[in-house]
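A.B. asks: got a sequence here, can you model it:
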Amino acid sequence: MNQDAPLQPETSLSLALAVVASSSAPIVLLDGDLRLIAASTSFYRAFRIDAHKATARKFTRIGDGEWNVAQLSALLSATASGLAEVHGYEMDLRRPGQDTRRLVLDAQMLDYADTTQVRLLLTVTDVTDALVAAKVKDDLLREKAILLREVQHRVANSLQIIASILLQSARKVQSEETRNHLKSAHSRVMSIAAVQQQLAASSGGEVELRSYFEQLCRSLGASMIYDPEQLSIDVNVDKTLTEANISISLGLIVTELVINALKHAFPKHRKGKITVDYHATGKDWTLQVGDDGIGMPTGEIDVKPGLGTGIVEALSNQLAAQITVADAMPGTNVSITHQHHIAEVDRTAV
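C.D. replies: Okay, here's the model as predicted:
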């Protein structure tokens, strides 16, 4: 017996019928006139069709005529003629007294031994439940986004109220030290409020650092610079978008460094400028806050530990970044640098 001999037509048809009948997916076998030769039990059950009444009938006439769709008939006829194949054809199946179902159909002409008999294999997928589930998911995500934006608006407004109270309190107290502490607290609160405002305005949960830093520095200047002609804050930031938690950390670092410069770099009403610079290349980034003030003290640098210093160090560690303090001659420049490959090595070594 020649093992390479093609199957006889009867054998091929029997095999096709066996495959169709045993399929767990809705499958229909049609002849060249689009009459139903066989269908899987899953097809009859899913679409409530009487198998005995459907066999040998035109596919468009099975059931209560719900399959009699002109465009589908034309596509199946073109497939039977070898002119086309049906891929991903979508239709709504409407039946009296039943919910409309969304179906996706694929059809192709079978290639087997009997070339005189045309056979079409039609598969039917009911995607109604999947579409409903997807719509429910989209609706939930949309509702969640609306609620999140509302929460962010409320949080930003609440923070601004707190900041306003702190600033009013700073103006009323007699102690200069207490006033400075209250102003610093006000600036820190405004830093977080600015992030919340940016998040509320964004659609993807990311913050554009340029507009965030500009807004933050405007707030710092308004609350801590008495004469804008005397002192100014310049912002030079690229168009980086970053995650909310990272932007909060960066904003707090900027706040602490700018406050520190405003407090110490320009004594006795000295004129000057503070510059905030941020640029990223891939996953690497550098944040710099510099000033043209009196500069670093000569000799041994005396770094007095305090809340601001602790915040900058803690946040830099959290961001896996290195702090560098340099004499800008004149002034001081503080760089916070994150190099992704070094951070990854450090992370895996822990």
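A.B. asks: show me the strands in the chain, by range?
C.D. replies: With strands called from DSSP state E, the chain shows them at 27-31, 36-39, 86-93, 101-109, 119-126, 206-208, 231-237, 241-243, 272-281, 284-291, 322-327, 332-338.
A.B. asks: tell me which strands the fifth one pairs with, and in which orientation.
C.D. replies: Sheet partners assigned to strand 119-126 using DSSP bridges are listed as strand 27-31 (antiparallel), strand 101-109 (antiparallel).
A.B. asks: show me the contacts for Leu241.
C.D. replies: Counting by Cβ atoms under 8 Å, 6 or more residues apart in numbering, Leu241 touches Gly204, Glu206, Val207, Glu208, Leu209. In this view, the C-beta of every residue, glycine as well, is placed from N, C-alpha and C.
A.B. asks: neighbours of the spatially closest residue to the last one that is not a sequence neighbour, just the number please.
C.D. replies: The shortest distance from Leu209 to any non-neighbouring residue, by Cβ to Cβ, 6 or more residues apart in numbering, is to Thr240 (4.9 Å). Taking other Cβ atoms under 10 Å as the neighbour definition, Thr240 ends up with a count of 17.
A.B. asks: now swap in Glu214 and tell me
C.D. replies: By other Cβ under 10 Å, the burial measure for Glu214, its neighbour count, is 17.
A.B. asks: hang on, it packs against Val235?
C.D. replies: Yes. Between Glu214 and Val235 there is a contact under Cβ atoms under 8 Å: 5.0 Å.
A.B. asks: give the residues shared as contacts by the two.
C.D. replies: Contacts common to Glu214 and Val235, judged by Cβ under 8 Å, 6+ apart, are absent.
A.B. asks: domain-wise, how is this structure divided?
C.D. replies: Listed by automatic domain parsing, the domain ranges of the chain are 11-126, 132-349.
A.B. asks: okay, these in TSV with mean pLDDT next?
C.D. replies: Shown next, in TSV, are the domains of the chain (pLDDT from 0 to 100):
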stretch	mean pLDDT
domain 11-126	84
domain 132-349	83
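A.B. asks: returning to what we had before: quick one: which of the strands of the chain is nearest Arg154?
C.D. replies: When these are compared by Cβ to Cβ, strand 206-208 sits nearest Arg154, at 18.0 Å.
A.B. asks: what residues does that closest one touch?
C.D. replies: Residues outside strand 206-208 that contact it (Cβ under 8 Å, 6+ apart): Val195, Gln198, Leu199, Ser202, Lys239, Thr240, Leu241, Thr242, Glu243, Ala244, Ser247.
A.B. asks: just how off-centre is it within its chain?
C.D. replies: Centre-to-centre, strand 206-208 and its host chain are 12 Å apart (Cα atoms, centre = their mean, to the nearest Å).
A.B. asks: partner strands of that strand and their direction?
C.D. replies: Here, using DSSP bridges, strand 206-208 pairs with strand 241-243 (antiparallel).
A.B. asks: who wins on neighbours among the contacts of strand 206-208?
C.D. replies: Ranking those using other Cβ under 10 Å puts Val195 first, with 26 neighbours.
A.B. asks: what about the helices in this protein?
C.D. replies: Secondary structure of the chain (DSSP state H): helices located at 9-22, 41-47, 51-54, 70-80, 128-172, 176-201, 209-224, 244-264, 307-318, 340-349.
A.B. asks: one step back: same list (the strands of the chain) but as a markdown table, adding distance to Met224.
C.D. replies: Formatted as a markdown table, those follow (distance: least, Cβ to Cβ, whole Å):
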| stretch | distance to Met224 |
| --- | --- |
| strand 27-31 | 75 |
| strand 36-39 | 79 |
| strand 86-93 | 62 |
| strand 101-109 | 61 |
| strand 119-126 | 65 |
| strand 206-208 | 23 |
| strand 231-237 | 9 |
| strand 241-243 | 25 |
| strand 272-281 | 10 |
| strand 284-291 | 13 |
| strand 322-327 | 21 |
| strand 332-338 | 17 |
